[in-house]
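Asks: sequence unavailable; structure follows:
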C-alpha cells in the first residue's frame, strides 16, 4: 500500500500525462489514458478539458467535480529523476 501523500503541484503534459509533485518533494509521472474510458474521467477525453487539471484538497481535480484519489496517483505513477 502506498504512503498517503498529498499532491502539491500538477503540470499537464501531452498524451494525458500528469507530472505530479507530492508533499515529500517527490516528482512522479502519471498516465491518465487508461482511466479515460471510465466515469467520471471519460469527460476528460477532450484535450481542453484534461488541460484544466488543478490541485485541490491534496489531489488532482478538474472542473465538473472530477478528481482522482491521491493514493492511486502515487501508487501507479513513475518516479522522475531530479
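Replies: Okay, I see it. Here the structure is a predicted model, which means the values were calculated and not measured. Numbering: from 1, shown residues only.

Asks: now the strands for this structure?
Replies: In the chain, strands defined by DSSP state E lie at 7-13, 17-22, 27-31, 54-56, 59-62, 66-68, 78-79, listed in chain order.

Asks: elements contacting the fourth one?
Replies: Looking back up the chat, that one is strand 54-56. Strand 54-56 makes packing contacts with strand 7-13, strand 59-62 when contacts are defined by 3 or more CB pairs under 8 Å, 6 or more residues apart in numbering; DSSP states H and E. In short, each C-beta sits where N, CA and C put it, glycine included.

Asks: residue 46: which of those strands is closest?
Replies: Checking those against residue 46 by CB to CB gives strand 59-62 as the closest, at 10.7 Å.

Asks: which one of the strands of the chain lies closest to residue 43?
Replies: Here strand 66-68 is closest among these (CB to CB), at 6.5 Å.

Asks: partners of the closest one in the sheet?
Replies: When pairs are called by DSSP bridges, strand 66-68 turns out to pair with strand 59-62 (antiparallel).

Asks: what does the strand it pairs with rub up against?
Replies: If you take CB atoms under 8 Å, 6 or more residues apart in numbering as the criterion, strand 59-62 is touched by 6-7, 10, 18, 20, 44, 49-50, 52-55, 67-70, 73.

Asks: buried residues, stretch 26-44. List them.
Replies: 28, 30, 32, 35, 41, 44 (16 or more other CB atoms under 10 Å).

Asks: how far off centre is it?
Replies: Using CA atoms, centre = their mean, to the nearest Å, we find the averaged C-alpha position of stretch 26-44 to lie 7 Å away from the chain's own average C-alpha position.

Asks: now for the residue nearest to residue 79 when sequence neighbours are not counted: which residues touch it?
Replies: Distance criterion CB to CB, 6 or more residues apart in numbering; nearest residue to residue 79, sequence neighbours excluded, is residue 28 at 5.5 Å. Residue 28 sits next to 19, 20, 22, 73, 74, 77, 78, 79, 80 when contact means CB under 8 Å, 6+ apart.

Asks: most neighbours among the residues you listed, which one?
Replies: If you count neighbours using other CB atoms under 10 Å, the busiest of the contacts of residue 28 is residue 20, which has 24 neighbours.
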